[in-house]
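Below are the sequence and a predicted model; questions follow.
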Amino acid sequence: MPLANVPAVVSQLEDRKLKKCDAQAIDISRSGLGLLINQQLTVNAWVKVELTFAIVFGEVMYSRPVADGGYRVGLRMETLLMRDGRTGEEARC
């Protein structure tokens, strides 16, 4: 399901130096989240993504450069916490 460039903050969870960067969420499905971001993320890295409507924990499946700069990142969502308190299968997107 496409998203209208929802602002996101991405935090890398596996690095000792906590890195946060701004991104745009561009699509979401039951199992994945698509992002546009200015820096490349490491494939298989675990991240937390804070959205206006949810917090997502997931694994980076790919991080590919895009023509106008930045990277298209695909996450496999492990946990989705809706900001209204719903979780997992209750959270229908």
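Nice, thanks for sending it over. Nothing here was measured: the structure is a model prediction, and the numbers come from that model.

Not counting its own residues, what contacts stretch 44-56?
Stretch 44-56 is contacted by residues 6-14, 23, 25, 33, 35, 41, 57-60, 75, 77-83, 91 when judged by Cβ atoms under 8 Å, 6 or more residues apart in numbering. C-beta: built from backbone N, CA, C; applies to glycine.

buried subset of the residues you listed?
Buried members of the contacts of stretch 44-56, counted by 16 or more other Cβ atoms under 10 Å: 6, 8, 10, 12, 23, 25, 33, 35, 41, 57-58, 60, 75, 77, 80, 82.

Next, check the residues you listed against the strands and list the overlap.
6, 8, 10, 12, 23, 25, 33, 35, 57-58, 60, 75, 77, 80, 82 (DSSP state E).

what's the farthest-apart pair in those?
Gln12 and Met82 (22.7 Å; Cβ to Cβ).

Which pLDDT value goes with the spatially most central residue of the chain?
Closest to where the C-alpha atoms of the chain average out (Cα atoms, centre = their mean) is Val49, at 4.7 Å. Note on Val49: pLDDT of 97.
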